[in-house]
Each structure stands twice: as structure tokens, then as C-alpha cells.
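Visitor: Predicted structure and sequence below. I'll ask about it afterward.
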Amino acid sequence: MAQPAGAAVDEGMWMNPVLAGVSEAAAAKCTFAGRPVPPLARGLPKTVESMCPECARLIPARLYEDAGRVLMEKTCPDHGRFEDVYWGDARLYLKAEEFHYGDGDGLENPNTPATSRCPQQCGLCGDHASNTALGNIDLTNRCNLHCPICFANADASGYVYEPTYEQVLGMLRCYRSTRPSPARAIQFSGGEPTLHPRFLDVVRAARDLGFSHTQVATNGLRLAREPDFARRCEDAGLHDVYLQFDGVTDDTYARTRGRPLMAEKMKAVEAVSATDMKIVLVPTIIRGMNDHEVGDIVRFALQRIGTIAGISFQPVAFTGRISTADRLRQRYTLTDLAHDVSRQTGLTDPYEDWFPLACVQPFSRLVAAIRGKPNIVMSCHPHCSLGTYLFVGRDGRPAPIPQFFDLKGLLDDMWRLAQKAEAGRAKWFRKAEAFLALRRHWRGDRAPAGMTFEGWLHTLNGMVDKSVGRGRAGRKTFRSLLVAGMHFMDCYNYETDRTRRCVIHYADPDGRLYPFCTYNAGPVHRRRVERKFAVTPEEYSRLRRNDEARNTNDE
């Protein structure tokens, strides 16, 4: 039965037994700025902080189970009651909390002091509990498509936001100056970022500043239309192409992007396949529009696994006005994705094979403790993502990692080892223990065809070391495909606990960093930033003519 919005939290709420013994320590955790990090609220029902979709006022919201789903209910004093589906499967929602291994420490040098007005007064503050796992820089709001579902709404603004090369350099340096762990992965986004007149120079600058991973979120049109563009991107230092990819039919693209695009998507994939770069497909999924193609997208990727390394499904976020009926009809959640992949491909079990991507935190913390150096930690909220890894055997058959590896058992062991190493107890001995744990949780009889334990370790090494996993050396590893979803929030399902733990950030030309879901949703800091630095289309044309006269393009 549905729980009323005022119901009390069940004192016997579900709890991860591995973490039960450290709950008091977690409650006392502070960021580097000395601000307490409230421990993750577990179980159902519970009360969280959300906001009104109409006025953005912070209001309490109730998460509760109803008919096997997790619903969010909230009431604004001025605008009334709102309800939405938060996760489509309560069982998976609770399972995801098993994979939360504590919180991060934030930044030693936040942009702003701690604030009592999160998330409106943003620009990573002392309350923020996570570092930057992936930094974003919007290079332009110009685009060569007119997509009806674009959250950036780039074509309707009436102005041009396009940071100069010098401003982009400043934003890159801002990410590299975060402490104690400088950002290592950067994504250029937009608009269509490849339209920036100095796009290739920007990619080179990221490489020269020490970013170990550089990617671009693109619709792929330049890759499809310019024969040498992919090679030039690779030569400049680009590693991955995050390719907008909503389906495998023109009918889907006509609905999501306003025109048939499948032929150009294929040309973009072919262009990248001629390089050592990798592709991650990025489908925006809307219930009733393209959710029936989820399985076909997975099969498309598996057939091209030498080039395509992953799929980052993004359930649609509603950033504009929409009727309640349309919103509930089109709402698609991470658990819907897990079930659809399982039903449409037969390759995974939603309850056995899917997990939050933040579960890698024990590995990061153990490595940092053993080396005695800070490390990037994936300490995001367990309800921000859900996914699995498929590994392909020598017979061409894919298998999800939990099928041949006790992932949860390994993570629990790694978490215990990380805590011991962080306490300073025999750090280098923990390295040997970690190897033994990997061996102990290996299920060789269920592994993909031809995969040995040693081959598995070599493949893992190739996933973190490009010199091992790409090019000719990569042929010795087993192919893998990340199949995952990132559900970015909108005002209807907003939860500030998630924004405080966000690890995907945006930079602005003033040197501030923002969590993804405060930049594009909630207070939507994107609007303020773009308007501050925007010019009129006429002024932009004049500036471009002056630039071209000085031969400062990226050719």
C-alpha cells in the first residue's frame, strides 16, 4: 500500500550489514571544509529535501513504496501537491543502497564557503561532499540540429554563449587546480561543441594541461561529414566520443531530433572506427517514444564492440513546463532501463546483474591509501546511476560481470581493506590481500569462453590504462561493454542529497564549478551563466569575422 506523505520512517529500515558497524562514524563525517555530511538516509519510507517545480522553493518530499514502485510526493504552500515516479522498482531501489560505501570529503579549496541555501547559492561550496570525477565545459550553445528534447535548449535562447579560447583555458585550469585531487577527465559539451572555432586547440590544451581522459559529447555530424575530422580529433588528444544515439531507426530520430539521422550516425561510427578512439553511445530515452529500441541499441553496440566501449542511457529530464499526464506517461527511470535491457536482450537479470556505478569507491580509496596519495573517488549518490558490464568471450557471447564474479563480496572486502589501510595498518600488506580477494571471488566455471583469471586481470588493467587496453595491445584483452544509465534530475524528482554528492560538474568562465543537476535543473545556473557571458547573434558574427581575419581558427 502507498504510505502517506506524513508517515514516520520505519525504525527497522533495511540496512547494509557491512556498513552497519560504521554508521556512527559516517554520521560524524565532515568535508575538508569542516562541514558535517549527513549520512545517507536508507530504506523506505523516508523524508528528503526537494523543491517546488513552479517556484524552486526548497520543500520536504516523501519517498515511499506504492505497488512496487518508489514515488515522490511533495507539497508547496503556494503551488500545491506534486507526485512523480522516482524509481520504477522499489526492490532495485533498496538494492542500490547496498552499494553505498560512505561519502567523499569534498574539496580543500571550494569556490565558496558553506551555504545554507543549497542548491541556489552554488559554485562548489564547503558543504559539497564529492570531488570532480568528470568535468564539463560547454564550448558553445550553437548547434547544427534543432532537437525538441535538448535539455540545453540551445536553439531557443536568442543569444550566443561561446567562451573564448582563453576563457576555456581558465576553466580547464580551474579543474586542474582542485585539491586534493585535480580533475583528470574532461568532457566538452554544448550546444554542439565541435562548432567552436578553436575546438581542436581546446582538445590539445586539455592534453597539455595533464587531463588523462578527454571526450566530446557530440551529435556526430562533423565526424560524419568531414572525412579527416575524426583523425584530427585523435591527433589533438581526444580519447572518447560521446555520441548522441537515440535508436537504430530514422523514425526514432524524426521524433527525438526532428529529422532522419541514422545514415549519418553510421558514418560517424565508421569514421571513429578508423582511429583508436572509442565511442560511448548516449541515448535519451522517453517512455512511449524510443524505449522499445533499448535492446536494439545494446545489440548495435555489441556488434561493434571493437569501437563502442559503452552505452550511457539517459532517461529524459523534464526541464520545461509539461502537463502532469504527459510527464507521468513519458517518465522513464533507471529501473525501467534495467528491466527493458533484460527483457529485450535476455543478457542480464535486473536484480542480479545491475548496480550503481558509485560502487567502485572501495577500489579508489584502497589505491589512495596504499599509495599515500589522494585519488578521485566516485562518491556520488547510489540512486544517480545503474548499470552493468558485459564481457565478450572468445565465442562472441557476452556475460555480465556478476555472472562470473562475486562483485558484492569483492566490494565489501575491498571496503574493509580500504578502512584498514586508511587507518595506517600494514598498507602494503593490503595489496596482497586485495589480490587474494580478487582470486577468492572469481567464478572461473561461469566466465566467458576463454577467459582465465590472469586474462581477467589483464583486461581490468586495460580498462584503466589506455596503453594496455587500446590499439594493438588492446587486442589481447577481452572486449567489454558498459551498459548503464545516468538519471539526471528535474524539479519534479529533485533531491538535494544527490546534488551534494554529485561528481559530474560544470565550470563557468568565472572559475566556479557546479553539480550537473544544479546547472541544468533545479536552480538552472546555466541560464544565469550563459546570459552573463552571452552576446547577440549580430555581435557574435562581427567577432567571428575579426577572428577569421587574424587566422585564429583551429585549422
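Guide: Okay, I see it.
Visitor: I'd like to know how far residue 538 sits from residue 161.
Guide: Here residue 538 is placed at a distance of 15 Å from residue 161 (C-beta to C-beta, to the nearest Å). In this view, the C-beta of every residue, glycine as well, is placed from N, C-alpha and C.
Visitor: Looking at those two, which is more packed in?
Guide: Taking neighbours as other C-beta atoms under 10 Å, residue 538 and residue 161 compare with residue 161 leading, 24 against 9.
Visitor: so that one sits right up against residue 140, yeah?
Guide: Yes. If you go by C-beta atoms under 8 Å, residue 161 and residue 140 touch, sitting 6.8 Å apart.
Visitor: got the contact list for stretch 463-479?
Guide: 239, 276, 278, 305-306, 391-393, 448, 450-451, 455-456, 458-459, 461-462, 480 (C-beta atoms under 8 Å, 6 or more residues apart in numbering).
Visitor: now do 10 Å
Guide: For stretch 463-479, contacts defined as C-beta atoms under 10 Å, 6 or more residues apart in numbering pick out 212-213, 239, 276-278, 302, 305-306, 308-309, 363, 367, 389-394, 396, 398, 447-451, 455-456, 458-462, 480, 482.
Visitor: Buried only: go through the residues you listed for me.
Guide: 239, 277-278, 302, 308-309, 363, 367, 389-393, 398, 447-448, 451, 455-456, 458-460, 462, 480, 482 (16 or more other C-beta atoms under 10 Å).
Visitor: Mark which of the residues you listed are part of strands, please.
Guide: 278, 308, 309, 389, 390, 391, 392, 398, 480, 482 (DSSP state E).
Visitor: pLDDT at the fifth one, what is it?
Guide: Residue 390 carries a pLDDT value of 98.
Visitor: Any idea what the nearest residue to it once chain neighbours are set aside is bridged to?
Guide: Excluding the flanking residues, the one nearest residue 390 by C-beta to C-beta, 6 or more residues apart in numbering is residue 398, at 4.1 Å. Taking DSSP bridges, one obtains residue 392 as the residues bridged to residue 398.
Visitor: ok now do residue 398, which residues does it touch?
Guide: Residue 398 makes contact with 298, 302, 305, 345, 347-348, 389-392, 448, 479-481, 483, according to C-beta under 10 Å, 6+ apart.
Visitor: Give the next helix or strand downstream of the helix or strand encompassing residue 235.
Guide: Assigned by DSSP states H and E, residue 235 belongs to helix 229-236. Counting by DSSP H and E, the element after helix 229-236 in chain order, helix or strand, is strand 240-244.
Visitor: Quick one: work out the angle between that following strand and helix 229-236.
Guide: Angle, strand 240-244 to helix 229-236, by axes from the mean of the first three to the mean of the last three C-alpha atoms, to 10 degrees: 140 degrees.
Visitor: Only the C-alpha atoms, please, for strand 240-244, written as PDB.
Guide: Only the C-alpha atoms of strand 240-244 are listed here, as PDB (Å, rounded to 0.1, in the frame of the first residue of the first chain):
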ATOM      1  CA  ASP A 240      36.300   9.200 -26.500                       C
ATOM      2  CA  VAL A 241      33.300  10.300 -28.500                       C
ATOM      3  CA  TYR A 242      30.100  10.500 -26.500                       C
ATOM      4  CA  LEU A 243      27.800  10.100 -29.500                       C
ATOM      5  CA  GLN A 244      24.100  11.100 -29.300                       C
END
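Visitor: What helices and strands are in contact with that strand?
Guide: Applying 3 or more C-beta pairs under 10 Å, 6 or more residues apart in numbering; DSSP states H and E, one finds that strand 240-244 contacts strand 185-189, strand 213-218, helix 221-225, helix 229-236, helix 262-273, strand 278-282, strand 308-315.
Visitor: still on that earlier bit, wait, which of the contacts of residue 398 is closest to residue 75?
Guide: The closest of those to residue 75 turns out to be residue 483 (C-beta to C-beta; 37.2 Å).
Visitor: so the closest one sits right up against residue 391, yeah?
Guide: No. In this structure residue 483 lies outside contact range of residue 391 using C-beta atoms under 10 Å: 11.5 Å.
Visitor: Can you give me the buried ones in the helix holding residue 235?
Guide: 229, 230, 232, 233, 234, 236.
Visitor: what mean pLDDT does that helix have?
Guide: 99.
Visitor: just the helices in the stretch 401-550 of the chain please.
Guide: Taking DSSP state H, counting those that start in this stretch, the helices of the stretch 401-550 of the chain run over residues 401-404, 407-422, 427-440, 453-464, 466-469, 496-500, 516-519, 525-533, 537-549.
Visitor: how far off helix 427-440 does the second one point, in degrees?
Guide: Counting by the same axes, to 10 degrees, helix 407-422 lies at 170 degrees to helix 427-440.
Visitor: Quick one: list the elements packing against helix 407-422.
Guide: Against helix 407-422 (3+ C-beta pairs under 10 Å, 6+ apart) you get helix 17-20, helix 361-371, helix 427-440.
Visitor: got the contact list for the longest one?
Guide: To tie it back to what came earlier, the one meant is helix 427-440. 362-363, 366-367, 369-372, 405-406, 409-414, 416-422, 426, 453, 456-457, 460.
Visitor: what's the angle between it and helix 361-371?
Guide: Using the same axes, to 10 degrees: helix 427-440 against helix 361-371 is 150 degrees.
Visitor: hey, C-alpha coordinates of helix 427-440 in PDB?
Guide: Extracted in PDB, the C-alpha atoms of helix 427-440 (Å, rounded to 0.1, in the frame of the first residue of the first chain):
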ATOM      1  CA  LYS A 427      49.300  -0.700   3.900                       C
ATOM      2  CA  TRP A 428      51.400  -2.800   1.600                       C
ATOM      3  CA  PHE A 429      50.100  -6.000   3.100                       C
ATOM      4  CA  ARG A 430      46.600  -4.800   2.000                       C
ATOM      5  CA  LYS A 431      47.800  -5.000  -1.600                       C
ATOM      6  CA  ALA A 432      48.400  -8.700  -1.300                       C
ATOM      7  CA  GLU A 433      45.100  -9.100   0.500                       C
ATOM      8  CA  ALA A 434      43.300  -7.300  -2.400                       C
ATOM      9  CA  PHE A 435      44.800  -9.800  -4.900                       C
ATOM     10  CA  LEU A 436      43.700 -12.700  -2.800                       C
ATOM     11  CA  ALA A 437      40.200 -11.200  -2.600                       C
ATOM     12  CA  LEU A 438      40.100 -10.900  -6.400                       C
ATOM     13  CA  ARG A 439      41.000 -14.600  -6.700                       C
ATOM     14  CA  ARG A 440      38.500 -15.600  -4.000                       C
END
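Visitor: in that helix, what's buried?
Guide: For helix 427-440, a neighbour-count test (16+ other C-beta under 10 Å) marks 427, 430, 433, 434, 437, 438 as buried.
Visitor: Report how many residues lie close to residue 537.
Guide: Residue 537 has 12 neighbouring residues, counting by other C-beta under 10 Å.
Visitor: What of residue 221?
Guide: Neighbours of residue 221 (other C-beta under 10 Å): 21.
Visitor: and what of residue 164?
Guide: 16.
Visitor: quick one: contacts for it?
Guide: Contacts of residue 164 (C-beta under 10 Å, 6+ apart): 170, 196, 197, 198, 509, 533, 543, 547, 552.
Visitor: Quick one: residues contacting the first one.
Guide: By that I understand residue 170. By C-beta under 10 Å, 6+ apart, the contact set of residue 170 is 163, 164, 507, 508, 509, 510, 511.
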